[in-house]
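# predicted model and sequence below, questions to follow.
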Amino acid sequence: MIKQQFLILFILVSLMSFSQQSTKDSLVIKDIYGFRFGIDISNPVRTLFDDNRTSIELVADYRINKKLYAAAEIGFLSKKTQEDYLNFTTNGQYIKLGANYNLYENWLDMENEIYIGLRYGYSNFKQSLHNYTVFSDSQLPAYTDENEIIFNGLSAHWGELVFGMKVEVFNNIFLGASASFKKIVSTKEPENFKNLFIPGFDRVYLNNGGFGFNYTISYRLPLYKKRMVSKKNEEDN
Amino acid sequence: MKHFKKIRFLLIGMVLIVSCEKDNICIDETTPHLIIRFYNSDDTSKLKGVTNLKVAVQNSLDEIIEIGSVATKDSIAIPLNVDTDFSKIYLTKNVNDTSDGIEDSFEVNYTREEVFVSRSCGYKTLYNNVSITNSTYNWIDNFSLLTTRISDENNAHINIFH
C-alpha cells in the first residue's frame, strides 16, 4: 500500500518536472479560469479488487482567483468491515465542501498545483451489525450473537486538512493526488455500538481521527482567461 | 521549487506517520470475572486463605472445566459462562497428590447484558440479577452475595466464610 502511494507521488512529481521543460516561447501569458470535474480513481479500483467494498467519488473544483479554488467531492459507499469480534456493513453517501490554496509558483503558462486545502465533510449512512462475539479469555466457550442489528439514520460531521498536487498532463486533463487528515466534529452514534467506519471519512481511529488518499483524473472546462501579470512587470512598476 | 521540496517532504512524512497507527489489540476492560473473597467464619472481618484450592466451572456443554489451582489464596477471580444464564462453580480445597480434597459447589444465576467496548474488543458481557442457588456446605459455612450486578472487577462480588 505504502509502495503504491510513493509510486504515484513519484509519477506525478516526474510529470510535473517534465511538463516544466516543455515551456512554450509565448509572450502573452494568460491564466485559464474554469470549472474542473473528475472522478477519484482509487474507488473504482478498490471496488474491482475488494469484494467487501463498493464505492465511487466524484470531484469538482472552480477557480476563484489566482491561488484559490472552491472544491467539492461527493461519493457513495458500501463497505463490509470484519474485525476479530465484529462484522458489520456501512452504507451511505457523503459530501465534502471546501477550498484549495495553490502554493506552487507556476512557470509561465504552466497550470500545475501543489495545494493545501480544507474541507467540511458530512455523511448520512446506516450500519448493519451482522454478528458479534463476546470475547472469552478462558476455556469457557465464547458467545456469538448472529441476530443482525440495523442502525438507520446515522450521520457524521468532520473536518479535513488536505495536501495534494495536480498536474496538467494533456490540455485541460489533470491528474491529482492528495492525502488528508480528518477529525470528527460530531456524530450520531448507534446505541450500544460505534461508528467505526463512516462513508467519506473511512476508518475511524481511536481518537476520532482518520486519514485518506485520493487519486483523481479530471477535465477542466475552460470558461475565461485572465491576463497574468508577471513578476518582472510588477517589479518594473 | 523551494515550496515544492518542503511539501514533498511533508507528504512523504505523512504517509510514514499514518502507517504506524494501530488499534487492533484489545486492551480495554472486557467481560468481568466473578471475584470471590474468603473470610474466617469465626471472625468475619478477617480474610482466611484456602489451602490447595482447585477451581472448576461447568460450561454450557455440561463439561467441568478446571480453571486453576492455587496454593493458598484469600481471593480468586473466576470466569462465568457468557453463553448461558448460569455457571456452576466447583471449589475443592486441600487437593494434593494423595487426596482429592473436599468439594463444594454452587450455581450463580444471572441475566446477561452485552455492552459494546471497542473495535478490537467487540462486546463484553455484564451480569445482572445475580443470585446463588444449590450451594453445598462441606467446608464452606456461608455465602454472602455482595451485589446483584457484576459489571467490573474493582470489588468482590461474593464473600465465602469458612
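That came through fine.
# and A:Asn43, how many neighbours does it have?
The number of residues packed around A:Asn43, counting by other C-beta atoms under 10 Å in any protein chain shown, is 20. Placement of C-beta: from N, CA and C, glycine included.
# so it is in which element?
Assessed by DSSP states H and E, A:Asn43 sits inside helix A:42-49.
# now what about that helix, what contacts it?
Counting by C-beta atoms under 8 Å, 6 or more residues apart in numbering or on different chains, helix A:42-49 makes contact with A:Arg53, A:Thr54, A:Ser55, A:Ile56, A:Glu57, A:Gly75, A:Phe213, A:Asn214, A:Tyr215, all of which sit outside it.
# what about the helices in chain B?
According to DSSP state H, chain B carries its helices in the segments B:2-18.
# can you tell me which residue is spatially central in it?
Within chain B, one residue has its C-alpha closest to the average C-alpha position: by C-alpha atoms, centre = their mean, that is B:His33, at 1.7 Å.
# how near is the closest residue to that residue other than its chain neighbours to A:Phe213?
In space, and not counting its chain neighbours, B:His33 is closest to B:Ala77: 3.8 Å by C-beta to C-beta, 6 or more residues apart in numbering or on different chains. As for B:Ala77, its distance to A:Phe213 is 45 Å (criterion: C-beta to C-beta, to the nearest Å).
# of the two, who's got more company?
Neighbour totals were compared for B:Ala77 and A:Phe213, and A:Phe213 leads with 20 against 15 (other C-beta under 10 Å).
# what is that one paired to in the beta sheet?
Applying DSSP bridges to A:Phe213 yields these beta-bridge partners: A:Ala179.
# show me what contacts it?
Under the criterion of C-beta under 8 Å, 6+ apart, the contact list for A:Phe213 reads A:Gln5, A:Ser42, A:Ala177, A:Ser178, A:Ala179, A:Ser180.
# for the helix or strand hosting A:Asn131, name the packing helices and strands.
Here A:Asn131 is covered by strand A:113-134, with elements defined by DSSP H and E. The contact analysis (3 or more C-beta pairs under 8 Å, 6 or more residues apart in numbering or on different chains; DSSP states H and E) places strand A:113-134 against strand A:68-82, strand A:86-102, strand A:143-145, strand A:149-170, strand A:173-188, strand A:197-198, helix B:2-18, strand B:122-133.
# quick check: angle from that strand to strand A:68-82?
Orientation of strand A:113-134 against strand A:68-82 (axes from the mean of the first three to the mean of the last three C-alpha atoms, to 10 degrees) gives an angle of 20 degrees.
# chain center to strand A:113-134: distance?
Its chain's C-alpha centre and that of strand A:113-134 lie 11 Å apart, by C-alpha atoms, centre = their mean, to the nearest Å.
# buried residues, it. List them.
Burial within strand A:113-134, assessed by neighbour count using 16 or more other C-beta atoms under 10 Å in any protein chain shown, is assigned to A:113-119, A:121-125, A:127-130, A:132-134.
# now it and strand B:122-133, what's the angle there?
Following the same axes, to 10 degrees, one obtains 20 degrees for the angle between strand A:113-134 and strand B:122-133.
# do me a favour and average the pLDDT over strand A:113-134.
Averaged across strand A:113-134, pLDDT comes to 96.
# that older thread, do you know which of the helices and strands packed on strand A:113-134 lies nearest B:Ile102?
Ranking the helices and strands packed on strand A:113-134 by their distance to B:Ile102 (criterion: C-beta to C-beta) puts strand B:122-133 first, at 19.0 Å.
# wait, B:Phe161 sits on B:Ile36?
No - look at B:Phe161 against B:Ile36 with C-beta atoms under 8 Å: they stay out of range, at 11.3 Å.
# which one's more surrounded, these two?
Neighbours around B:Phe161 and B:Ile36, counted as other C-beta under 10 Å, are more numerous at B:Ile36. The numbers are 21 against 17.
# what's opposite the more buried one in the beta bridge?
Beta-bridge pairing of B:Ile36, defined through DSSP bridges, involves B:Ile76, B:Ile158.
# how close does the closest residue to B:Pro32 other than its chain neighbours get to B:His162?
Taking C-beta to C-beta, 6+ apart, and ignoring the residues beside it in sequence, B:Pro32 has B:Glu153 as its nearest neighbour in space, at 4.9 Å. With the distance defined as C-beta to C-beta, B:Glu153 ends up 22 Å from B:His162.
# many thanks, we can stop here.
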